[in-house]
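Peer 1: could you look at this predicted model? Sequence included:
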Amino acid sequence: MERERKTAGFTLTELLVVLTIIGLLITAALASLSSARARARDSRRVGEVNTLTKALALYLSIRDQYPQTGGALPGVVVNGTDTVSNDLAEISLLQGNLIDPADGLTISGEPLAFHYYYFSLDGNEYAITYCLETNSILGQSSGCGNTLTGKERD
């Protein structure tokens, strides 16, 4: 008697090919999602730095100078508990805390050192330095070399 050969089911090779393809698709999706999250954090950073510069312009119009930090560069970390945030909140120019969206995030167990730094030696001009994760913001680059400056009106 001849045995009938069962053809129902998949071979091991077919299963491995399908699992490999699924793995590649998941990897691509996660990479894309990670990149989108980094771009979103960069957009938020630029928005918060713009909020800070507007608050500083109003502070200048009220107090005739910018908040002073003294000391050396890069200045103070703007995190809601610093002197600059307190000066701006004292006259209701800044609502809430401006904290870098990557604050508390880690990569391979190492914390990201992304912060907003504010520096003004004498109150006549200031510099805000901040980091970006991507090159997605026109005119700015990834890394911590992004700086905005402001001067007292003439």
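Peer 2: It's in. Just so it is clear, the model here is predicted, and its values are computed rather than measured.
Peer 1: lowest-pLDDT helix or strand in this structure?
Peer 2: strand 106-107 (a mean of 64; mean pLDDT, DSSP states H and E).
Peer 1: which residues touch stretch 63-75?
Peer 2: Residues outside stretch 63-75 that contact it (CB atoms under 8 Å, 6 or more residues apart in numbering) are 56, 59-60, 76, 83-84, 87-88, 91, 117-127, 129, 150, 152. For glycine as for every other residue, the C-beta is placed from the backbone atoms N, C-alpha and C.
Peer 1: for this protein, longest helix please?
Peer 2: Counting by DSSP state H, the longest helix found in the chain is helix 12-63.
Peer 1: hey, what's the nearest residue to residue 82 once chain neighbours are set aside bridged with?
Peer 2: Leaving aside its sequence neighbours, residue 82 sits nearest to residue 76 (CB to CB, 6 or more residues apart in numbering; 4.8 Å). Using DSSP bridges, the bridge partners assigned to residue 76 are residue 118.
Peer 1: quickly note the distance from residue 76 to residue 18.
Peer 2: Distance, residue 76 to residue 18, by CB to CB, to the nearest Å: 55 Å.
Peer 1: tally of neighbours for the closest residue to residue 81 other than its chain neighbours?
Peer 2: The shortest distance from residue 81 to any non-neighbouring residue, by CB to CB, 6+ apart, is to residue 97 (7.9 Å). Neighbourhood size, residue 97 [other CB atoms under 10 Å]: 14.
Peer 1: for residue 97, identify the helix or strand it belongs to.
Peer 2: According to DSSP states H and E, residue 97 maps onto no helix or strand at all.
Peer 1: pLDDT value on it, please?
Peer 2: pLDDT, residue 97: 80.
Peer 1: okay but it is in contact with residue 79, surely?
Peer 2: Yes. Using CB atoms under 8 Å, residue 97 is in contact with residue 79, at 6.6 Å.
Peer 1: in the chain, what spans have low per-residue confidence?
Peer 2: Residue ranges of the chain with pLDDT under 70: 1-7, 104-112, 153-154.
Peer 1: for residue 43, which non-adjacent residue is spatially closest?
Peer 2: Using CB to CB, 6+ apart, the closest residue to residue 43 is residue 137 (7.3 Å).
Peer 1: for residue 33, see how far away that neighbour is.
Peer 2: Distance of residue 137 to residue 33, given as CB to CB: 19 Å.
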